[in-house]
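A.B. asks: model this:
(2 chains)
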2 protein chains.
Amino acid sequence: MTTEDDRRLARVALTWLAEPGTRSVHHLVQHLGPVATLDLLLAGDAPDRTLRSAVTARTTAGDARAVAAEALARAERLGARLVTPEDDEWPTSVGDLRLLQLSGAARRVDVETAPPLCFWVRGGWPLGGTLTRSVAVVGARAATPYGTHVATELGYGLADRDWSVVSGGAFGIDSAAHRGALTGGGRTVAVLACGVDRPYPMGNASLFDRIAETGLLVSEWMPGAEPLRPRFLIRNRVIAAATRGTVLVEAAARSGATQTLKRALGLKRPAMVVPGPVTSAMSVGGHEVLREYPYARLVANVAHVLEEVGRIGDDLAPLARGPERPRDRLDDEATQVLEALPRRRTIGLESIAARAGVDVRTAMRKLSMLEELAMVVRRDDGYALAPPTPGERG
Amino acid sequence: MTTEDDRRLARVALTWLAEPGTRSVHHLVQHLGPVATLDLLLAGDAPDRTLRSAVTARTTAGDARAVAAEALARAERLGARLVTPEDDEWPTSVGDLRLLQLSGAARRVDVETAPPLCFWVRGGWPLGGTLTRSVAVVGARAATPYGTHVATELGYGLADRDWSVVSGGAFGIDSAAHRGALTGGGRTVAVLACGVDRPYPMGNASLFDRIAETGLLVSEWMPGAEPLRPRFLIRNRVIAAATRGTVLVEAAARSGATQTLKRALGLKRPAMVVPGPVTSAMSVGGHEVLREYPYARLVANVAHVLEEVGRIGDDLAPLARGPERPRDRLDDEATQVLEALPRRRTIGLESIAARAGVDVRTAMRKLSMLEELAMVVRRDDGYALAPPTPGERG
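C.D. replies: Numbering: from 1, shown residues only, chains lettered A, B, ... in the order given. Sure, this is the predicted structure:
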């Protein structure tokens, strides 16, 4: 009899036999399940030649099930866990990768387009719940001080409004976004192209430690896996698919950093670009995307980002949806004012107005109304969100 | 009998009785001609109350025909000329203002939307011919060094490719665009909201002198007219309508500088925005336009601008169009390379490649082909455009 453990082991073994994202492997798992798929591949019956030779190369080097078992043991030792589609914390949004259309990249159709078979996770939060309300902030390693500043501000602003930040683990924009989110006291998720026990680059070791403590380190590759170059492109599809939208902060012309954004476009998720000086080589890639893809949106601040990824409550907390939530009856300005309130602290009137993009008088009027609706409480030093009532969660 | 001089005098008198751009005056002139329209207005028979009181206010202060005659005499003394729709050099594109749709500005429907009745011009070039191949570069007075740099580069690049630059006369972006065009040895046109004899602001006096010498100073207002505040908005419609496209370089949020761009959008002309750092208040206006208007295009350099306003020869030189011009058979890259060649000087291979946005090898291949087609000549220090053959003008 096939046990849950057999299936988990098989999923891990499959990611070792063929790179994650391989479409034919995903198809087989969909139809046969992971255990039968593994048996079939190990028997040399892979449906296409590329996959057959990949499997052969691996099986010459080792025993797939033994490698997988060793990886699971290693993960347990370092406090990491395996998450599979059978687990409650599986992020269902990555299933949309089945629908990903890549234009102008025929040779990659087989790889980079299928949903992950499993994730390795370090960190205390449930993976799916953390990603439900998340935005990817991506960009160049060789970021300018301008880009670093903007990415930090976005990371901070998203965290401050209780959105998770998702990025890779690189220097530059990735690191700046994580640091901003950490400063904002929020959850940040680093999706890696190598094992979660050896995050790359080494120079970010202390940042990775902080992320593992308060956020999540995530990878499709087993502990010990190396950050091989093609893996970054494969990884990018997960960043685009696991989040509600992707923001590109800085990227050189035709660089890898624009690729995650194109994955988001391919998934019909909000794909956002922060513009920059046209005199900066690091803004060329983003401007190119804005010129070429009509659905890419220019964003200049966190309010613009939130406008794209959805308003508070919108299909984020379906359990809380009653037929007559007061929030549903708010006008646009009141909703903006409500959204401008941070989750956990009190904030002054003028800051609310600035964050909501309305004048102070409007902010005051809307806050009075929100107070009457018991959605906002007034304090000595400003306003705060009212504690949630039972059955209502933001 | 009505002479041509009567008609010219009447047009001038009408711009004194009511601000240029007044739709009802334009309608009357279309149906009755300028002389009968003037008689009608002076008889107190203007079709609407606003116009009637405007006319009364003026006629109390002076005699419209005498004022117009004095303006014409004054223009002659200072070397300016009056250009009317009856003149060969009338820029016919401003006639499109009849079609201008202004959204969200109902109170301005009557003013700012009609074609000009006449232009006052200082400078040696024919007005219409100069504007046929022109791009407006507009933006903030309080420009940053970044904006000034970009506007200067655009002005230079356009002039270098034999496009006229059109702008207002303000400090900041306007001045930078003119200076760039002057440095590029091209024609630049300042469209003023006051008399061409007293260009405003005074601090730009030497710039205006240089423009009058090598380009054009243009106004709908008679010599001596003051730069009243509403006139700048009325003037903006001419900048949008007289050019083949408008580029906004820097603008504060909801500023007047974005208004010319919205006029271009209303006229369905290319409306372009140069992005900038999201940390700069002077980039907010442009980013807003890019976010709000799907037809506004992000441009980062002069090549992008030329892509929007049309390729060399496209409906710019209809007389030169034969059924089999070699240019029509060029592929995109060859066209780009051809466009990268300046009008009057020789340029090196690498500069051509950079300007065309192709690699050096491609540039070389395309240049050989263009040389064979006798469209390009090779020189010791690079390549140059071949002299035009009879019947062919770019």
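A.B. asks: can you give me the pLDDT of the one residue in the stretch 101-250 of chain A that gets nearest to chain B?
C.D. replies: Distances between the stretch 101-250 of chain A and chain B by C-beta to the nearest C-beta are smallest at A:Tyr146, namely 5.8 Å. C-beta here means a position set from N, CA and C on the backbone, and glycine is covered the same way. Per-residue confidence (pLDDT) for A:Tyr146: 98.
A.B. asks: whichever residue of chain A sits closest to chain B: what secondary structure?
C.D. replies: Using C-beta to the nearest C-beta, A:Pro275 is the residue of chain A that sits closest to chain B, at 3.4 Å. Three-state call for A:Pro275 (DSSP: H, G, I helix; E, B strand; the rest coil): coil.
A.B. asks: how close does it sit to B:Arg297?
C.D. replies: 13 Å (C-beta to C-beta, to the nearest Å).
A.B. asks: circling back: the residue of the stretch 101-250 of chain A closest to chain B contacts A:Val274, doesn't it?
C.D. replies: No - using C-beta atoms under 8 Å, A:Tyr146 is not in contact with A:Val274, being 9.5 Å away.
A.B. asks: with neighbour numbers in mind, choose between those two.
C.D. replies: A:Val274 (29 against 20; other C-beta atoms under 10 Å in any protein chain shown).
A.B. asks: show me the contacts for that one.
C.D. replies: If a contact means C-beta atoms under 8 Å, 6 or more residues apart in numbering or on different chains, then A:Val274 has A:Gly147, A:Val150, A:Leu154, A:Val247, A:Leu248, A:Val249, A:Glu250, A:Gly286, A:Leu298, A:Val299, A:Ala300, B:Val278 as its contacts.
A.B. asks: so which residues on the stretch 201-350 of chain A come close to chain B?
C.D. replies: For the stretch 201-350 of chain A, the contact set with chain B under C-beta under 8 Å from any C-beta of the partner chain comprises A:274-279, A:283-284, A:287, A:290-291, A:294, A:297-298, A:300-301, A:304.
A.B. asks: now these: which count as buried?
C.D. replies: Listed as buried from those are A:274-278, A:283-284, A:287, A:290, A:297-298, A:300-301, A:304; burial here means 16 or more other C-beta atoms under 10 Å in any protein chain shown.
A.B. asks: reformat the residues you listed as CSV; add pLDDT and secondary structure.
C.D. replies: What follows is those, written out as CSV (pLDDT from 0 to 100; DSSP: H, G, I helix; E, B strand; the rest coil):
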residue, pLDDT, secondary structure
A:Val274, 98, coil
A:Pro275, 98, coil
A:Gly276, 98, coil
A:Pro277, 98, coil
A:Val278, 98, coil
A:Ser283, 97, helix
A:Val284, 96, helix
A:His287, 97, helix
A:Leu290, 96, helix
A:Arg297, 96, strand
A:Leu298, 98, strand
A:Ala300, 97, coil
A:Asn301, 96, coil
A:His304, 96, helix
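A.B. asks: secondary structure element holding the residue of the stretch 101-250 of chain A closest to chain B?
C.D. replies: Under the assignment given by DSSP states H and E, the secondary-structure element containing A:Tyr146 is helix A:145-160.
A.B. asks: which residues touch the following helix or strand past that helix?
C.D. replies: Per DSSP H and E, helix A:145-160 leads on to strand A:164-167 as the next helix or strand towards the C-terminus. Contacts of strand A:164-167 with the rest of the structure, by C-beta under 8 Å, 6+ apart, involve A:130-131, A:133-138, A:154-155, A:158-159, A:173-174, A:177-178, A:180-181, A:186-191, A:215, A:239, A:242-243.
A.B. asks: pLDDT on strand A:164-167, on average?
C.D. replies: Per-residue pLDDT values over strand A:164-167 give a mean of 98.
A.B. asks: in the sheet, which strands lie alongside it, parallel or antiparallel?
C.D. replies: Strand pairing for strand A:164-167, using DSSP bridges, gives strand A:134-138 (parallel), strand A:188-192 (parallel).
A.B. asks: so who does A:Tyr293 touch?
C.D. replies: With the criterion set at C-beta under 8 Å, 6+ apart, A:Tyr293 makes contact with A:Lys262, A:Leu265, A:Ala271.
A.B. asks: do A:Ala384 as well
C.D. replies: In this structure, A:Ala384 makes contact with A:Leu341, A:Arg345, A:Thr346, A:Ile347, A:Val376, A:Val377, judged by C-beta under 8 Å, 6+ apart.
A.B. asks: my guess is the last one contacts A:Ile347. True?
C.D. replies: No - with the criterion set as C-beta under 8 Å, A:Val377 and A:Ile347 do not qualify as a contacting pair; they are 11.8 Å apart.
A.B. asks: what touches both of the two?
C.D. replies: Shared contacts of A:Val377 and A:Ile347, counting by C-beta under 8 Å, 6+ apart, come down to A:Tyr383, A:Ala384.
A.B. asks: the two - which one has more neighbours?
C.D. replies: When neighbours are counted by other C-beta under 10 Å, A:Ile347 comes out ahead of the other of A:Val377 and A:Ile347, with 18 against 13.
A.B. asks: from B:Ser219, how far off is the more buried one?
C.D. replies: 51 Å.
A.B. asks: same check, this time on A:Pro115
C.D. replies: Taken as C-beta to C-beta, the span from A:Pro115 to B:Ser219 is 65 Å.
A.B. asks: next up, the contacts around A:Thr183.
C.D. replies: Residues A:Thr152, A:Gly155, A:Tyr156, A:Ala159 are the ones in contact with A:Thr183 under the rule C-beta under 8 Å, 6+ apart.
A.B. asks: I'd say the last one and A:Gly186 touch.
C.D. replies: Yes - A:Ala159 sits in contact with A:Gly186 when judged by C-beta under 8 Å, with a separation of 2.4 Å.
A.B. asks: what about A:Arg378, is that helix, strand or coil?
C.D. replies: Recorded secondary structure, A:Arg378: strand (three-state DSSP).
A.B. asks: what's the helix or strand for the closest residue to it other than its chain neighbours?
C.D. replies: Leaving out its chain neighbours, the residue that sits closest to A:Arg378 by C-beta to C-beta, 6 or more residues apart in numbering or on different chains is A:Glu371, at 5.8 Å. Following DSSP H and E, one finds A:Glu371 within helix A:360-372.
A.B. asks: which of the residues in stretch A:237-255 are buried?
C.D. replies: A:237-252, A:255.
A.B. asks: go on, stretch A:34-48?
C.D. replies: By neighbour count, and taking 16+ other C-beta under 10 Å as the criterion, the buried residues in stretch A:34-48 are A:Pro34, A:Val35, A:Thr37, A:Leu38, A:Leu41, A:Leu42, A:Ala46.
A.B. asks: dump the residue contacts of the fifth one.
C.D. replies: With contact taken as C-beta under 8 Å, 6+ apart, A:Leu41 is in contact with A:Leu14, A:Leu17, A:Ala18, A:Val25, A:Leu28, A:Leu51, A:Val55.
A.B. asks: try it again at 7 Å.
C.D. replies: By C-beta atoms under 7 Å, 6 or more residues apart in numbering or on different chains, the residues touching A:Leu41 are A:Leu17, A:Val55.
A.B. asks: tell me the mean pLDDT over the helix or strand where it lies?
C.D. replies: Counting by DSSP H and E, the secondary-structure element that holds A:Leu41 is helix A:34-42. Mean pLDDT, helix A:34-42: 97.
A.B. asks: noted, bye for now.
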